[in-house]
Every structure is written in C-alpha cells, then in structure tokens.
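> can you look at this prediction? I've put the sequence above it.
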Amino acid sequence: MSEMTVSEVEDRIVKQVEFYFGDSNLPRDKFLLEKTRENEDACLCIELIASFQRIKSLCSDVETVKKALKEGCSETIKVNEEKTMVRRKTPVPESINTLRISVFAKGFPPSATLDCIQEFFSGISGEVKAIRMRRDLKTREFKGSVFVEVGTEEEAARLALLENLTFGERPIVVMTKLRYFETKNEERTGGKKERLVEKDLSKDFVKGCIAVIVGVPSDVSHQTIKSTIGEEFQVSFAAIEDGNAWLRFKEPVASSFVEKFSQEGLVIGESTIKDIRIATEDEESEYYAKLAQVMANKQSGSNRGRGNSRRGGNNKRSTRNNFNAKKAKLAEQSVENNVDDYSAIEANNASHPEKSAEVNGDDSSMNEAISVIPEN
C-alpha cells in the first residue's frame, strides 16, 4: 500500500468500516452482530476492527485506524469521544432479500484479486454495495465468478443488459441473480422447460429455517444428528456433505438453535461441536431454488406415472407409484446434499474473527466481500 497517500489509506479504512456496519453486511454477519449485542450502544471495539485482515492490509497499527475514524468522517458510523469504539448511527435493519438487487458475473481468471474485481465494477456502476467471490468449498479456489449486490433492481437489470464487457482480454458475462438460478436449474434437468415459480425464489420461502453444523465427525450420520437434536428443534430434513451437516427445520428456529448450541455446544457421540451457523441468505435462496425444482420434477414424474398406469391393474399402478416416490425422495436427497455447487458462502465463524464476513482480502478465506465505492 506504499503507493497510496495517508489520506487515501484513511479513506479506504473509513469505507471498509462503513461496509462492516452497512445494510449489506451487518444483518447477516453473525460474528459482528454478536459483538454489537455485547453492549447497549451496539458498538464495536476499534482494536477488534483493526485486527481484521482487510484493515491490516491497509495499515499495521491501531492508531492509524483511530486517526482515520475521526469525528465527522462518515454519514453512517460514529466514533465515541475516546476513539475506542465505533457504531452505526441508525438501528440495524432486518436482513433483506438481495436476490432482486444482485447480479451474477463470470469470466474472471482464477488469479483475479478482490481489489481488481472491485476496480472493474467501479468502472461500470456507481451503486455497487458488495462483491462476493465464489469459491470451491473443497479447494478454496476462486471459481472465476462473483455475486454483486447493487442498490436497486433497476441497476441490477441495467448491468445484466451490458454487452462486450472485458476483464483484460477475457469476456465477462453478466446476468441477474434470479436468471442465474433459473439457468442452473434448467441445466440440472437436461434443458427441460419446467418453470420455477418465482415466488419460491424471491420472497415466499420461509427464512430462518436452515442451519449448518461445521465439522461433523465422519462416523456420525444425519439420523444421529436428528435424534440428538430431538423435539426442541424439529428437523424436517438433514444431510451431511463434506463434513458439514445441513439442517432444515420445520419452523424458522435456526437462529435460536444456533444461539443455544454455538455457546453450550452440541454433543454428538463423543464430540462437542460449537461451530454452528445460520445459512446465509444466498444459501437459503439456492437451497429453495433447488427444492422448487425437485418438487417440479416430482410432480412431473407423478403425472407420468398416472398416465402410464391405465393398463396392468392396481398392482402395476401401486408398484409404479412406489417407484416414483422413491425416485423423488432420492432426487431430493441428491439435490439437498449437493450444497456446494454454488459455494457462495458468506458464513462467519465466531471462533475465528478474521474469517468473519469482515470481508477480508485473504485468498485463503472461504469468502470475500467488500464495500465498493467508485472514485469520483
């Protein structure tokens, strides 16, 4: 960062802290939310903020951060007189559905950095709120695509219509996030035309029903987890993928579940697991998009079964229906287990502050996001 002036460094620090407290991040950042709830003023310690990787990439000492966060430095955050704590000026909003105000963009090289992608989008939009780099859950490698959250639906639609975009010499394809989900589901069904009901993707799915248990022992089954949780939090479906258990509750109790067991730990066999989180909004959207397609396939299979059962009597009809039911169940398990296809994970780990959605620029992190303020 030696190429930047002191003023430029301070400006970037302010913008990054504004992002931490912003509507695009704080409502979904479990770690930071918990920290703000530790005091009545919903403040964060500046020393904690200075420990985040993204801030550390800008400066190496707390005093520089304190100097940047001076009185009147921002319209959205406020620092106390002692310059030890910082907070939002307005109450934290409820988590918003970003599906309609986000776009998907692909074509970036695996070596692209968050800063380079930030600069790219700063040149084509003045409303970008956050950029989230998509990574492979197993290798942590950047997949060459991002989700970009902007200020309005109109801006998302405008970006999706842009053509001939290039990153270096590589063509960049942009589409709305909703269209991306629709395209992926069409690919999964081999090009079939079953239409996903838009309400299942946007606003009518029940939020707060999905939680993730990280680091489940290899000898533990999803049935063991369901029986361990018991009746207090009724689990509708459980699946284990790559050592993580994905739970869908019958009611929106994921927040209560996480609050309880991330503190006291969930005892499974001989292990006590505290690394438990709520599924992010993007993960929920993807989950219900897949589930909507499963239900469409199930309905289609059921219709074919009825049409083909006119001959052969009740026994054939019963056998065929049982087969279709089993096939639909296996399909649902397959789709729900395959949770890492999109890997747009924005999760926070309360045990590891530097992995919070503090949107660090560490390439080894599971996710990256950053506030994007275009230059004047």
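Cool, got the structure. Numbers count the residues shown, from 1 in each chain.
> all helices of the stretch 151-300 of the chain, in order?
Ranges of helices in the stretch 151-300 of the chain, per DSSP state H, counting those that start in this stretch, are 153-160, 177-188, 198-202, 222-229, 254-264, 281-307.
> these: which one's closest to Gln53?
Gln53 lies closest, by Cβ to Cβ, to one member of the helices of the stretch 151-300 of the chain: helix 281-307, at 21.4 Å. The C-beta positions use only the backbone N, C-alpha and C, and glycine is treated the same way.
> quick one, domains of the protein?
The chain breaks down by automatic domain parsing into domains covering 6-88, 99-189+344-370, 209-278.
> so how far is the shortest one from its chain's centroid?
In other words, domain 209-278. 18 Å (Cα atoms, centre = their mean, to the nearest Å).
> start to end distance for it?
8 Å (Cα to Cα, to the nearest Å).
> and that domain, what's its mean pLDDT?
For domain 209-278, the mean pLDDT works out to 84.
> re the thing from before, closest to Glu40 out of the helices of the stretch 151-300 of the chain?
Taking Cβ to Cβ, helix 254-264 is the member of these nearest to Glu40, at 19.0 Å.
> by mean pLDDT, show me the worst of the domains of the chain.
In terms of average pLDDT, domain 99-189+344-370 trails the rest of the domains of the chain, at a mean of 77.
> ok, back up a step: CSV for the helices of the stretch 151-300 of the chain, including distance to Arg54?
Formatted as CSV, the helices of the stretch 151-300 of the chain follow (distance: least, Cβ to Cβ, whole Å):
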stretch, distance to Arg54
helix 153-160, 24
helix 177-188, 24
helix 198-202, 31
helix 222-229, 34
helix 254-264, 24
helix 281-307, 20
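> neighbours of Asn97, just the number please.
For Asn97, the neighbour count with other Cβ atoms under 10 Å is 15.
> then Thr152?
Neighbourhood size, Thr152 [other Cβ under 10 Å]: 11.
> how about it, what does it touch?
Shown in contact with Thr152 (Cβ atoms under 8 Å, 6 or more residues apart in numbering): Ile101, Glu127.
> ok, it to Ser102 distance?
Between Thr152 and Ser102 the computed distance is 11 Å (Cβ to Cβ, to the nearest Å).
> same thing with Lys290?
Look at Lys290 and Ser102: by Cβ to Cβ, they are 18 Å apart.
> more crowded one of the two?
Set side by side, Lys290 and Ser102 show more neighbours around Ser102, with 26 against 23, by other Cβ under 10 Å.
> check contacts around the closest residue to the more buried one other than its chain neighbours.
Closest residue in space to Ser102, ignoring its immediate chain neighbours: Lys177 at 4.1 Å, by Cβ to Cβ, 6 or more residues apart in numbering. Going by Cβ under 8 Å, 6+ apart, Lys177 touches Thr98, Leu99, Arg100, Ser102, Val103, Phe104, Phe147, Ala156, Ser285.
> need those in TSV (columns: distance to Glu119 and secondary structure).
Formatted as TSV, those follow (distance: Cβ to Cβ, whole Å; DSSP: H, G, I helix; E, B strand; the rest coil):
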residue	distance to Glu119	secondary structure
Thr98	22	coil
Leu99	26	helix
Arg100	26	helix
Ser102	19	strand
Val103	17	strand
Phe104	19	strand
Phe147	17	strand
Ala156	20	helix
Ser285	27	helix
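> buried among those residues? Make that a PyMOL selection.
Entered in PyMOL, the line below selects the buried ones among the contacts of Lys177, by 16 or more other Cβ atoms under 10 Å:
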select buried, resi 98+99+100+102+103+104+147+156+285
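> nearest to Gly126 among the contacts of Lys177?
Looking across the contacts of Lys177 and measuring by Cβ to Cβ, the closest to Gly126 is Ala156, at 13.4 Å.
> sweet, I'm off.
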